[in-house]
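Novice: Sequence first, predicted coordinates after that:
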Amino acid sequence: MMKKILLLEDDMALHETVKDFLESLGYEVISSYDGEDASEKAYENNFDLLLLDVNVPKLSGFELLQTIRDSDNQTPAIFITSLGGIADLESGYDSGCDDYIKKPFALKELQLRVETLLKREFYHQKSDEIILPNGCSFEPNSESLKQNGTLISLANKELQLLKLFLQHKNELVSHEVIESRLWEYDEESSESAVRTYIKHLRQILGKDTIVSIKKSGYKFIHK
């Protein structure tokens with residue numbers, strides 16, 4: 001599945017250079033040139049990575065990421081910045097970033113930082129265990145789901161769907177995203193199969209945990 005990156009950078013020349021480079025590596029890049037526009041796009045899309053300049057018009061990168069984190073969106077984020085003071089670094093990490101890259105930078109360095117973050121699947125998780133409703137818990141390292149301490153068996157695509165929901169808690173996950181995550185390019189997707197997987201997950205986690213959004217997708221509700 002092609003990874004989707006939100007690029008917020010108001011320097012047009014640098015923006016185009018970074019965008020072209022990332023697209024040459026096989027990423028889908030969505031462009032934004034000010035903080036408010038980036039905020040709207042972050043709300044409307046499911047991104048795999050946020051690449052954010054700090055000093056941009058309307059809403060700074062720090063303020064933008066803090067807003068995103070406050071909405072329980074844990075998409076990994078890298079700040080691009082010319083700032084280098086300790087106070088600036090502290091502000092960035094306090095707002096929820098995962099990494100920094102200081103201008104000017106080599107494109108190869110950017111590639112390494114992006115690839116390192118995208119290898120991870122769960123972010124800002126303070127423990128090895130994710131507590132879920134209905135007496136359930138999920139351990140990311142072993143990819144195991146338990147209910148009241150008993151291991152629950154999931155089919156591979158059910159497991160991938162659960163992981164997708166956990167990576168995008170309280171966000172709309174579109175039918176298209178689910179399809180691209182669960183099926184390889186040479187496989188035929190199946191809406192009826194997705195409904196079956198959803199039904200099974202609801203039986204385990206509780207019927208109100210996965211909400212169907214008409215004609216759009218699903219939302220996993222997690223407080």
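Specialist: Now that the structure is in, tell me what you want to look at. Residues are numbered from 1 along each chain as shown.

Novice: Number of residues surrounding the closest residue in space to His175 that isn't next to it in sequence?
Specialist: Excluding the flanking residues, the one nearest His175 by Cβ to Cβ, 6 or more residues apart in numbering is Gly217, at 5.1 Å. C-beta: built from backbone N, CA, C; applies to glycine. Neighbourhood size, Gly217 [other Cβ atoms under 10 Å]: 19.

Novice: Please apply the same query to the one 4 residues further on.
Specialist: Using other Cβ under 10 Å, Ile221 is surrounded by 14 other residues.

Novice: which residues sit in contact with the residue positioned nearest the centre of the chain?
Specialist: With distances taken as Cα atoms, centre = their mean, the residue of the chain nearest its centroid is Thr75 (3.4 Å). Taking Cβ atoms under 8 Å, 6 or more residues apart in numbering, we find Thr75 in contact with 42, 47-50, 68, 123.

Novice: Can you give me the domain boundaries for this structure?
Specialist: As given by automatic domain parsing, the domain ranges for the chain are 4-118, 130-220.

Novice: Output those domains as CSV; include the columns mean pLDDT.
Specialist: Formatted as CSV, these follow (pLDDT from 0 to 100):
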stretch, mean pLDDT
domain 4-118, 86
domain 130-220, 87
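
Novice: deepest of these, which one?
Specialist: Comparing the domains of the chain by mean neighbour count (mean count of other Cβ atoms under 10 Å), domain 4-118 ranks first with a mean of 17.

Novice: biggest helix in this structure by residues?
Specialist: helix 191-205 (DSSP state H).

Novice: Wait, a helix at Phe69?
Specialist: If you look again at residue 69, you'll see it is Arg, not Phe. Yes. Under DSSP: H, G, I helix; E, B strand; the rest coil, Arg69 falls within a helix.

Novice: Next, find the distance separating it from Ala38.
Specialist: 14 Å (Cβ to Cβ, to the nearest Å).

Novice: same thing with Glu109?
Specialist: 22 Å.

Novice: Kindly report the same for Leu65.
Specialist: Taken as Cβ to Cβ, the span from Leu65 to Ala38 is 10 Å.

Novice: Any chance you could list residues touching both of those two?
Specialist: Leu52.

Novice: Pull the contacting residues for the closest residue in space to Leu162 that isn't next to it in sequence.
Specialist: Distances taken as Cβ to Cβ, 6+ apart place Leu201 nearest to Leu162, at 6.2 Å, with adjacent residues excluded. Leu201 is in contact with 158, 161-162, 165, 209-210, counting by Cβ under 8 Å, 6+ apart.

Novice: and what of Leu151?
Specialist: Leu151 neighbours (Cβ under 8 Å, 6+ apart): 144-145.

Novice: Which neighbours in the sheet does the helix or strand harbouring it have, and how are they oriented?
Specialist: Per DSSP states H and E: Leu151 is located in strand 150-152. Strands that pair with strand 150-152, judged by DSSP bridges, come out as strand 144-147 (antiparallel).

Novice: What are the contacting residues of the partner strand?
Specialist: For strand 144-147, the surrounding residues in contact (Cβ under 8 Å, 6+ apart) are 134-139, 151-152, 154, 159, 162, 204.
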